[in-house]
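S.K.: here is a sequence together with a model predicted from it:
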Amino acid sequence: MAAPENKLAFDDGWQYSPAPESTGHIKIDKRYELFIGGKFVAPEKGKYFDTINPATEERLSRVADASALDVDKAVKAARKAYGPWSRLKAAERGKYIYRIARIMQERSREFAVIESLDGGKPIRESRDVDIPLATAHFFYYAGWADKLEYAFPGRKVKPLGVAGQVIPWNFPMLMASWKIAPALACGNTVVLKPAETTPLTAMKLAEAIADAGLPPGVVNIVTGAGDTGAAVVTHPDVDKVAFTGSTSVGRVIQKALAGTNKKYTLELGGKAANIVFADAAIDQAVEGIVTGIFFNQGHVCCAGSRLLVQESVADEVVQKLKDRMETLIVGDPLDKNTDIGAINSASQLKTIEAYLAVGQEEGGTMYQSSCAVPDKGYWCRPTIFTDVSQSNRVVQEEIFGPVLAIQTFRTFDEAVSKANNTPYGLSGGIWTDKGAKIFKMTQSIRAGVVWANTFNKFDPASPFGGYKESGVGREGGLHGLGAYLKLEA
Ligand code: NAI
Ligand code: MG
């Protein structure tokens, strides 16, 4: 029997009936409360903060600022829900996660538009990458819920308890999915804190979770800034901490957790080398360089923010890259022709601009495309630095903007040593015609992910995580399940 229009029919009789505004026009409330114990509740101290559209600097909504009191309420709700949720038949748990996935799919247009409005990313990316990929994570982990014994043969699998999760602003919905979906599949309950500049899609996800009928308290969402995040990760009744964000905050969290029994995963910064050999398909490599650094304004922890290009093709590659940069459109995130949207916040723009100054003071040659940018909002033209050396700050430090540092190399070994010579180790890329070189390079680069002849490709089944200062632990795939389980012999 065909499902009625605008309704998803499930074999358990549950039906999703979206409000007309959620499928028609985009609805953003004037104010968002906290999602605790299955209800939307006002913050104890009555405080709210603005979330703005970084492309216009206009306020989109006001969002509850959760204090430690609210976080405590959320953790208590998660603890109360934990017993029944962890004992629920695994296939039933999976069913709830599938429901959330299907609602996200149904409301994907709305989620994509709000993601772009609140965070500044091009609608083409939120529509074609962020929201579909976020949904795919819920589908993927829903499927594992009743197969955990099969995933870890011969081991006894038990959930950890209450997971406290803090996420960044660069991929708000995707990061929420990376955190929530595996936690639920494994039988944990969740307190999630979205980033302060991009809380809106998390509140939309809260609506989807409520609509899915997830038992109250299984997922709680508390909005706020760093203090709220700190209250989540240091709460004594949180059993597992999952954090994605800056290496500096990651360090603070790691210190706070030392000596506790909390399990944790930290997904931190990066400074990936995208390595182009002379034998690569050059035009494809140039596209890969563009995707590597300009995707999501370069607000990507695994961005290919360093280009290492073999000397004999360096001039050709750099010229082709400059030509390609001229064609990139910077502007309105909601225009589907936009390639580079708004910088996420005034403070992030300030950080990026400081690096542009530093790079020039260090002796680098800066080149920016000549495109026009809007008067209002936060913008940065696509930028490259040549004539930089390994010790330069623009080569060593995460800028988190559309800024690429370009170096050359002669030999394979020189490429490896330059690629590995930063404090980070999250990702890398290699462009070559030779399969053997790919295998040798992937073994030589100390990074969690290495792409070959492509860049910034993601899949729920593949693990993600860093070496060195890029973090601790893995998310995604089977590894991502392991991070939410006690595995006993
Ligand atoms: P951040 O690390 O301060 O923010 C990330 C999240 O952590 C936010 O939700 C924030 O509210 C929360 N937070 C802040 N202080 C906290 C604390 N003491 N305890 C618990 N949670 C806390 O990053 P920020 O300041 O927004 O960006 C600064 C730099 O960090 C960027 O320029 C970029 O280089 C890097 N970054 C890296 C990300 C990644 O995916 N690896 C994501 C976001 C930022
Ligand atoms: Mg915002």
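M.R.: Yep, it's here. Numbers count the residues shown, from 1 in each chain. Ligands and ions are numbered 1, 2, ... in the order given.

S.K.: C-alpha only now, for contacts and for neighbours.
M.R.: Will do.

S.K.: where does the stretch 1-150 of the chain come near ligand 2, residue by residue?
M.R.: 51-52, 118 (CA under 5 Å from the ion).

S.K.: run a quick neighbour tally on Ser194.
M.R.: Actually, residue 194 is Pro rather than Ser. Neighbourhood size, Pro194 [other CA atoms under 10 Å]: 27.

S.K.: quick one: residues contacting the residue nearest to it when sequence neighbours are not counted.
M.R.: Spatially, and ignoring its direct neighbours in sequence, Pro194 is nearest to Ile167 (5.3 Å; CA to CA, 6 or more residues apart in numbering). Residues in contact with Ile167 (CA atoms under 8 Å, 6 or more residues apart in numbering) are 175-176, 192-195, 243-245.

S.K.: which of those sit farthest apart?
M.R.: With CA to CA as the measure, no two of those lie farther apart than Leu192 and Gly245, at 13.8 Å.

S.K.: the two - which one has more neighbours?
M.R.: Shown here are Leu192 and Gly245; by other CA under 10 Å, Leu192 has more neighbours (28 against 20).

S.K.: and the more buried one, that one's in a helix?
M.R.: No. Under the criterion used here (DSSP: H, G, I helix; E, B strand; the rest coil), Leu192 is strand, not part of a helix.

S.K.: in this structure it contacts Val222, no?
M.R.: Yes. Here Leu192 lies in contact with Val222, judged by CA atoms under 8 Å, at a distance of 6.2 Å.

S.K.: buried ones in the longest helix anywhere in the chain?
M.R.: Secondary structure of the chain per DSSP state H: the longest helix is helix 68-87. Across helix 68-87, burial judged by 16 or more other CA atoms under 10 Å covers 68, 70-82, 85-86.

S.K.: of all those residues, which comes closest to Val238?
M.R.: Nearest to Val238, judged by CA to CA, of these is Val75 at 7.1 Å.

S.K.: so who does that closest one touch?
M.R.: Shown in contact with Val75 (CA under 8 Å, 6+ apart): 162, 191, 235, 237-238.

S.K.: so can I have JSON lines of those showing pLDDT and distance to Arg109?
M.R.: What follows is these, written out as JSON lines (pLDDT from 0 to 100; distance: CA to CA, whole Å):
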{"residue": "Val162", "pLDDT": "98", "distance to Arg109": "31"}
{"residue": "Val191", "pLDDT": "99", "distance to Arg109": "26"}
{"residue": "His235", "pLDDT": "98", "distance to Arg109": "36"}
{"residue": "Asp237", "pLDDT": "98", "distance to Arg109": "37"}
{"residue": "Val238", "pLDDT": "98", "distance to Arg109": "34"}
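
S.K.: coming back round to it: most neighbours of all the residues of the stretch 1-150 of the chain next to ligand 2, which one?
M.R.: Asp118 (24 neighbours).

S.K.: may I ask which helix or strand encompasses it?
M.R.: Asp118 belongs to helix 108-119 when assigned by DSSP states H and E.

S.K.: quick check, that helix touching ligand 1?
M.R.: No. Against ligand 1, helix 108-119 shows no contacts by CA under 6 Å from any ligand atom, the least distance being 11.9 Å.

S.K.: for stretch 172-188, same thing?
M.R.: No. Shown here: stretch 172-188 not in contact with ligand 1 (CA under 6 Å from any ligand atom), separated by at least 8.8 Å.

S.K.: could you do stretch 41-55 as well?
M.R.: No. Between stretch 41-55 and ligand 1, judged by CA under 6 Å from any ligand atom, nothing touches; the nearest distance is 12.7 Å.

S.K.: still on that earlier bit, for Val309, see how far away the residue nearest to Pro194 is.
M.R.: Relative to Val309, Ile167 is positioned 34 Å away (CA to CA, to the nearest Å).

S.K.: check Ala415 too.
M.R.: Computed with CA to CA, the distance linking Ala415 and Val309 is 8 Å.

S.K.: residue contacts, Pro333?
M.R.: If a contact means CA under 8 Å, 6+ apart, then Pro333 has 55, 116-117, 120-123, 340-342 as its contacts.
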